[in-house]
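J.: Structure for this input, please:
(one chain, ligands or ions: 1)
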Amino acid sequence: MARSRRPWLILTIVILLLAAAAAVALWPYYESEAPCVVLEPVPSHLGAHQTLVLKVNDQGMGLARIYLALRQEGATKVLLDKDLAPPSRWTRRGVNQVVERLTLSPKALGLKDGPATLVVEARDRSFSGFLQGNRTRLELVVTIDTTPPRLTPLTPRIYLNRGGAGMVIYRLSPDATRHGVVVGGHRFQGYKPWPKRPELALCYFAFGDEQERGATIAAYAMDAAGNLTRRPLPVRLRWRRFRHDKIVLSDRVIQTLAARFAAQAPPECKGELAVFLWVNQKLRQQNHRQIQKVCTRTAPDQLWQGPFLRPQGKPMARFGDRRTYYYQDKEVSRAVHRGVDLADVAHAPVRAAARGRVLYAAALGIYGNCVILDHGQGVATLYGHLSSLAVKPGQEVERGQELGRSGATGLALGDHLHFSVLVGGVFVNPAEWWDTHWVEDNLDLRFSQAGLPKP
Ligand SMILES: [Zn+2]
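T.: Residues are numbered from 1 along each chain as shown. Here you go, the predicted model:
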């Protein structure tokens with residue numbers, strides 16, 4: 001008896017081993033990890049032309065099918081339904097990632113403004129679920145909104161200088177979530193300073209000295225669905241020319257400035273002239289990007305009143321001067337001077353042009369020891385080349401308060417103050433801001449034209 005049982009026992013063991021081997025081999029095919037579905041952005045609103053990026057990942061067997069549809073009142077509009085290639089026989093790897101960029105135009109699909117459901121589904125090639133695979137399904141309730149916000153400028157005419165600033169007051173429909181003015185490719189943010197009149201907004205903007213003559217100047221409003229309205233502004237642009245300056249660099253000047261910036265310059269800048277050129281071009285650009293970033297931390301309220309205080313001293317260089325630098329009779333560099341240089345006695349007190357808050361008080365590349373003040377609603381002033389600083393970031397300052405003493409730090413040779421005004425991160429001509437008539441006609445008058453008190 002014992003003898004005849006033996007083959008059965010061996011057979012059972014073999015079958016069990018085969019079953020175990022099969023389970024081990026098939027195990028990965030039964031993985032239970034569902035695909036990961038990401039929508040960018042996760043929409044709460046769908047505008048007239050909404051762009052969505054759908055990213056689907058699967059860690060296991062790979063993806064089998066992805067599907068995206070919009071459903072409204074029983075109607076389903078399929079926007080994407082894609083079967084994906086099975087795993088290759090040799091690599092056994094399927095499609096693990098799919099990125100689809102879609103533009104949804106609800107009107108073209110026959111959908112109305114109002115609620116709808118966005119359905120996204122992804123399946124993988126797992127054998128689990130009776131070979132149906134793992135499934136991820138998202139249902140998002142969205143609002144279809146294809147109606148752009150309304151915007152009406154309340155300013156009859158705007159005189160704008162090349163390199164100068166302007167302001168406009170406009171009325172908005174309540175659905176506007178972002179608004180302001182666009183000049184060329186630059187957007188200036190608008191503000192709502194009248195809590196009792198939430199339909200009214202204002203925006204300070206600038207026509208940068210490098211802006212093209214035909215650049216668009218328009219007020220804009222955008223809603224949560226991304227619908228955009230643009231209204232061209234009634235602007236009369238004065239195309240002023242800027243001065244051209246020839247600056248001859250002596251060996252001594254190059255040596256002095258190169259020594260000052262040697263530690264900051266990258267190692268590939270070999271020689272004194274190379275260091276100077278790096279400072280005048282690359283560092284200048286870097287500094288302007290940093291200043292622009294600092295200026296975004298602006299207060300929503302207007303902190304200043306009336307014209308700006310003009311710093312003491314004799315003007316040495318003007319706003320917008322086009323400078324060409326020569327060394328040993330050859331042109332070596334170019335730059336635009338985006339402020340006013342004023343020379344007084346050495347270590348003269350430097351005063352705040354208007355009430356504001358200190359955004360920055362430290363060394364800043366070509367501007368040496370530098371103070372940047374925020375005056376609210378995107379308006380800022382900058383004081384460069386100081387020998388000492390008397391304020392700290394975050395501090396509130398009054399018009400005329402001492403910020404520090406003039407000096408010759410940074411890219412400066414003699415003691416002077418470099419004074420700049422910025423609007424929305426764009427350098428503008430400071431002379432406008434300390435001219436009482438300009439401030440009255442171009443800023444203050446806007447409020448009375450719109451029948452509003454000054455905020
Ligand atoms: Zn300067």
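J.: Pull the contacting residues for the nearest residue to K392 once chain neighbours are set aside.
T.: With Cβ to Cβ, 6 or more residues apart in numbering as the criterion, K392 has its nearest non-adjacent residue at 5.9 Å, and that residue is A361. In short, each C-beta sits where N, CA and C put it, glycine included. Residues in contact with A361 (Cβ atoms under 8 Å, 6 or more residues apart in numbering) are C370, V371, I372, L389, V391, K392, P393, L403, G404.
J.: Buried only: go through those for me.
T.: Buried by 16 or more other Cβ atoms under 10 Å: C370, V371, I372, L389, V391, L403, G404, out of the contacts of A361.
J.: I'd say the last one and L389 touch.
T.: Spelled out, it's G404. Yes: the criterion here is Cβ atoms under 8 Å, and G404 meets it with L389 at 4.4 Å.
J.: what touches both of the two?
T.: Common neighbours of G404 and L389 (criterion: Cβ under 8 Å, 6+ apart): A361, N369, V371.
J.: which among those gets closest to V182?
T.: Among the shared contacts of G404 and L389, V371 lies closest to V182 (Cβ to Cβ), at 29.8 Å.
J.: So that closest one sits against L382, correct?
T.: Yes: using Cβ under 8 Å, V371 is in contact with L382, at 7.3 Å.
J.: Quickly note the distance from V345 to Q281.
T.: Remark: distance between V345 and Q281 (Cβ to Cβ, to the nearest Å) = 32 Å.
J.: where does the stretch 151-300 of the chain come near the ion, residue by residue?
T.: Within the stretch 151-300 of the chain, not a single residue sits near the ion (Cβ under 5 Å from the ion).
J.: Can you pull out the low-pLDDT segments for the stretch 151-300 of the chain?
T.: Scanning the stretch 151-300 of the chain for pLDDT under 70 picks out nothing.
J.: Sketch out the strands for it, chain order is fine.
T.: Remark: strands assigned in the stretch 151-300 of the chain by DSSP state E, counting those that start in this stretch are 151-153, 158-161, 165-172, 176-183, 186-189, 200-206, 217-223, 228-232, 235-238, 244-249.
J.: For those strands, give me a markdown table that also has distance to Q328.
T.: Output for the strands of the stretch 151-300 of the chain, formatted as a markdown table (distance: least, Cβ to Cβ, whole Å):
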| stretch | distance to Q328 |
| --- | --- |
| strand 151-153 | 54 |
| strand 158-161 | 37 |
| strand 165-172 | 40 |
| strand 176-183 | 40 |
| strand 186-189 | 38 |
| strand 200-206 | 38 |
| strand 217-223 | 44 |
| strand 228-232 | 50 |
| strand 235-238 | 39 |
| strand 244-249 | 9 |
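J.: that older thread, comparing V345 and Q281, which residue is more hemmed in?
T.: Counted by other Cβ atoms under 10 Å, V345 and Q281 do not tie: Q281 has more neighbours, with 13 against 10.
J.: I figured that one hits A335, correct?
T.: Yes: contact criterion Cβ under 8 Å: Q281 and A335 qualify, at 7.4 Å.
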